[in-house]
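Engineer: Coordinates for the following, if possible.
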Amino acid sequence: MFSAITTSRLALAATLANTAPGFRGGRQLPDRLDGAAGLPSALPAILPGWGFEEDPSSATLRSVRKLRAAVAGVWQDAAAEDADAALEGLNALLGAAGPVRAVLPPGSTVRSPAILAAGHEGDAPDKAASTAFALALAEVALAGELTRLRTCSGEDCSNAFVDLTRNRSKQFCDEANCANRAHVKAYRARRAAEAAAAGEEPAEQPSPKDGRAKDGKPGKKNGKPAKKKAKKK
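Structural biologist: Residues are numbered from 1 along each chain as shown. The predicted structure is shown next:
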């Protein structure tokens, strides 16, 4: 679908976008880039490869925050299927990257597909990261795959992620157990609806995992009443 390097860069871009304050996995989280010292801990996957210092300067932090806002904006517009707005944000990132050129990757042949490149060797880490993310997002746009830039459908979660499924069916992020939370909520809603249709009083619903109600009493497992152990005489 996408090249390995593009897939990796998209994952890092989503990681950066998800450091912003907001609801993540049902919790309101603060800004994880609240100070220069927070950059290494918030972006451990990015720092080693990009050459960020262990104690980045305030100027670097401001630059990374600006990049985060730009990436998040493209992501949100793409998720909302507003292609014009997403491309406008992407073009701003590409403009900051400088002239874009097509090159053959190292070790390629004349029949190898070319890749997009920009920037220069020795660029500052924040500049290099911005350029890399711009090129990755450009590849997504050129492939007509902007709708693969998604935001989590989980309750109280706005995490960005890349949908790499064949049929574009991924709905939840992988960071906050959102899929399981949604399944449990849907399960309880079905049980409540079934009880209401049968004229029963709503009861504490057992977990789909262990078949026990919250009060610790036996519940139903696999849709059947739990068997009681016979008392020994």
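
Engineer: which secondary structure element contains V71?
Structural biologist: helix 58-79 (DSSP states H and E).

Engineer: What lies in contact with that helix?
Structural biologist: The contact list for helix 58-79, computed with C-beta atoms under 8 Å, 6 or more residues apart in numbering, reads 13-14, 16-17, 19-20, 33, 35-36, 39, 52-53, 56, 83, 85-86, 89-90, 92-93, 124-127, 129-130, 133, 137, 140, 146-147, 149-151, 160. For the C-beta atoms, the positions are set from N, CA and C on the backbone; glycine is no exception.

Engineer: which of these are buried?
Structural biologist: The neighbour-count criterion (16 or more other C-beta atoms under 10 Å) marks 13-14, 16-17, 19-20, 33, 36, 39, 52, 56, 86, 89-90, 93, 125-127, 129-130, 133, 137, 140, 146, 149-151, 160 among the contacts of helix 58-79 as buried.

Engineer: Which helix or strand in this protein has the lowest average pLDDT?
Structural biologist: Using mean pLDDT, DSSP states H and E, strand 220-221 stands out as the lowest-scoring helix or strand of the chain, at a mean of 46.

Engineer: shaky segments in the chain?
Structural biologist: 36-56, 182-183, 186-187, 189, 200-233 (pLDDT under 70).

Engineer: Tell me where it has strands.
Structural biologist: Taking DSSP state E, the strands of the chain run over residues 22-24, 27-29, 101-103, 115-117, 149-151, 160-162, 220-221, 224-225.

Engineer: and the closest residue in space to C178 that isn't next to it in sequence, how far is that from A136?
Structural biologist: Spatial nearest neighbour of C178, excluding adjacent residues (C-beta to C-beta, 6 or more residues apart in numbering): G154 at 2.9 Å. According to C-beta to C-beta, to the nearest Å, G154 and A136 sit 25 Å apart.

Engineer: same thing with A97?
Structural biologist: For A97, the distance to A136 - C-beta to C-beta - is 11 Å.

Engineer: Who has more neighbours out of those two?
Structural biologist: A136 (25 against 22; other C-beta atoms under 10 Å).

Engineer: Just confirm the more buried one contacts A4, I think it does.
Structural biologist: No. Using C-beta atoms under 8 Å as the test, A136 is too far from A4 to be in contact (11.2 Å).

Engineer: mind listing what the residue positioned nearest the centre of the chain touches?
Structural biologist: Most central in the chain under C-alpha atoms, centre = their mean is F161, positioned 2.6 Å from the mean C-alpha point. By C-beta under 8 Å, 6+ apart, the contact list for F161 reads A14, R150, T151, C152, K170, C173, D174.
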